[in-house]
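K.L.:
sequence unknown, structure follows:
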């Protein structure tokens, strides 16, 4: 039995931190896992910038409420879920993900948790497990599932390379050049057809 594991941001919805950076007028917050492979370093920088500007969970959630899925994402996800079990595996946080899951029709998501003070200041974050995307795919495989995985960023490479079939979706030119062996798609139709083909093999 197959389980398809997909990244969230950049694949199904716009990048949350880029949207918030634009809304708040703070260009430094535009950096994502496409740019910085070290997630702990990336998040430490984000929390420092938020503290410097007096911004917290409330302001980010207000931006997220205005974010819609990428065009065609929900239709793609609906069709994919008719073919195979699907889990979104994301390094985002449950406090960010809920409005987006509502707009995508409540798919299953495995993500992380933010730690926040009573005044809404984000004080830290708790990862579900170290190297969560790779670890989740390996756990599914140990439970007897075959995995298909796709994403766009450095932190997706572990689950993509560990899966029976893995691919990049709307990734950067740098990542595509560094990993030429990975199929790279730009449209949901391409991705859906490739997943159907992989499941038929």
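P.N.:
Noted; the coordinates are in hand. Keep in mind that what you see is a predicted model, and the values were worked out from it rather than measured.
K.L.:
name the residues of the longest helix anywhere in the chain that are buried.
P.N.:
In the chain, assigned by DSSP state H, the helix with the most residues is helix 39-53. By neighbour count with 16 or more other Cβ atoms under 10 Å, helix 39-53 contains the buried residues 39, 42-43, 46-47, 49-50. Just so you know, the C-beta spots here come from the backbone N, C-alpha and C atoms, and that holds for glycine as well.
K.L.:
export those to CSV and tack on distance to residue 21?
P.N.:
Formatted as CSV, those follow (distance: Cβ to Cβ, whole Å):
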residue, distance to residue 21
39, 17
42, 13
43, 14
46, 10
47, 14
49, 9
50, 11
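K.L.:
got JSON lines for the residues you listed, with pLDDT and distance to residue 113 too?
P.N.:
Output for the buried residues of helix 39-53, formatted as JSON lines (pLDDT from 0 to 100; distance: Cβ to Cβ, whole Å):
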{"residue": "39", "pLDDT": "83", "distance to residue 113": "14"}
{"residue": "42", "pLDDT": "88", "distance to residue 113": "17"}
{"residue": "43", "pLDDT": "89", "distance to residue 113": "12"}
{"residue": "46", "pLDDT": "93", "distance to residue 113": "15"}
{"residue": "47", "pLDDT": "92", "distance to residue 113": "14"}
{"residue": "49", "pLDDT": "93", "distance to residue 113": "20"}
{"residue": "50", "pLDDT": "93", "distance to residue 113": "16"}
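K.L.:
pretty sure residue 168 sits against residue 176.
P.N.:
Yes. Counting by Cβ atoms under 8 Å, residue 168 does reach residue 176; the two are 6.2 Å apart.
K.L.:
the two: which is more packed in?
P.N.:
residue 168 (24 against 13; other Cβ atoms under 10 Å).
K.L.:
so that one is in which element?
P.N.:
Taking DSSP states H and E as the definition, one finds residue 168 inside strand 165-169.
K.L.:
who does that strand touch, helix- and strand-wise?
P.N.:
With contacts defined as 3 or more Cβ pairs under 8 Å, 6 or more residues apart in numbering; DSSP states H and E, the packing partners of strand 165-169 are strand 146-151, helix 157-162, strand 184-185, helix 188-200.
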